[in-house]
Structures are given as C-alpha cells and as structure tokens.
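J.: Structural data only, the sequence is not supplied:
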C-alpha cells in the first residue's frame with residue numbers, strides 16, 4: 001500500500017460512485033500530475049472537522065459523519081492539529097481505521113479515497 005492516494009486509485013474510488021455522484025463530482029487539480037503519475041481526483045464536496053466541543057460525544061459524531069461522507073464518495077477531509085485540541089484528527093483516524101465502509105465492500109485499500117501526508 002502506498003503512503004498516499006494515487007491518481008489511479010482515486011479514479012477507482014470515484015468509479016464506484018459513478019451511479020450516485022454527478023459527472024463533475026470529482027476534479028483533477030491543475031498542475032498536480034508528474035511524468036510518473038497522473039494527478040489524483042478530489043471530490044467536489046468535502047467534510048470539515050473544525051467546530052465542536054472537545055468531548056466524547058462530538059468525537060463519535062465526527063467519526064460517524066466521516067464514515068457516512070466516505071461511504072457516499074467524499075474523499076476530501078479537512079483537519080488540522082488545532083481543531084478541537086487534536087481530537088478531530090483522532091476521530092477521523094478512528095473512523096478510517098474502523099473501515100466498516102471499506103470492509104462492507106470487500107476493499108481493503110484505505111488509500112483510494114484520500115491523501116495522507118507522512
């Protein structure tokens with residue numbers, strides 16, 4: 001598994017949602033391709049994790065929202081270390097690690113839908 005989403009993998013991810021996402025529901029950013037690899041596709045919609053209380057109930061709500069978003073074809077998740085005292089990043093990590101939506105499709109490649117930076 002690669003350490004980040006690839007152009008090929010994000011296209012496979014987007015293809016799974018072709019029946020439920022508009023034709024322009026994914027976009028390829030300009031100037032992101034390299035001679036070795038095409039640019040990844042980003043969903044036109046994303047999910048943010050900035051607001052909310054730093055508590056367990058909000059953590060669960062964010063994790064559930066991320067699973068629902070990714071299950072619906074979203075592969076853009078906004079987070080930063082200062083969002084809810086790093087609890088947003090942890091909630092996202094928990095949601096992606098649980099990968100209930102991935103296992104239900106028999107797909108174990110967690111890096112098809114989003115980019116993670118080391």
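T.: Alright, I've got the coordinates. What you see is a predicted model; the values in this text were computed from it and never measured.
J.: can you tell me how far the most centrally placed residue in the chain sits from residue 55?
T.: Nearest to the mean C-alpha position of the chain, counting by C-alpha atoms, centre = their mean, stands residue 75 at 3.3 Å. Separation of residue 75 from residue 55 (C-beta to C-beta, to the nearest Å): 27 Å. Using the backbone N, CA and C atoms, a C-beta is placed for each residue, glycine as well.
J.: For residue 33, which non-adjacent residue is closest in space?
T.: The spatially closest residue to residue 33, leaving aside those adjacent along the chain, is residue 39, at 4.4 Å (C-beta to C-beta, 6 or more residues apart in numbering).
J.: OK, contacts around the one you found?
T.: Residues near residue 39 by C-beta atoms under 8 Å, 6 or more residues apart in numbering: 7, 28-29, 32-33.
J.: Check the secondary structure at it for me.
T.: Three-state call for residue 39 (DSSP: H, G, I helix; E, B strand; the rest coil): coil.
J.: Would you map the strands across this structure?
T.: All strands of the chain, identified by DSSP state E, fall at 26-27, 42-43, 47-48, 77-78.
J.: Listing partners with orientation, what would you give for the third one?
T.: Using DSSP bridges, strand 47-48 pairs in its sheet with strand 77-78 (parallel).
J.: before we move on, what about the second one?
T.: Sheet neighbours of strand 42-43, with direction, are listed as strand 26-27 (antiparallel) (DSSP bridges).
J.: So what touches the partner strand?
T.: With C-beta under 8 Å, 6+ apart, strand 26-27 has contacts from 10, 14, 41-44.
J.: still on that earlier bit, could you tell me how far the residue nearest to the centre of the chain is located from residue 10?
T.: Counting by C-beta to C-beta - residue 75 and residue 10 are separated by 7 Å.
J.: Check the residue of the chain positioned farthest from its centre and give its pLDDT.
T.: The outermost residue of the chain, judged against the average C-alpha position, is residue 35 (24.9 Å), by C-alpha atoms, centre = their mean. We have a pLDDT of 83 for residue 35.
J.: buried set for the helix ranked longest in the chain?
T.: Ranked by residue count and defined by DSSP state H, the top helix of the chain is helix 56-71. Neighbour-count burial for helix 56-71, counted by 16 or more other C-beta atoms under 10 Å, picks out 58-59, 62-63, 65-67, 69-70.
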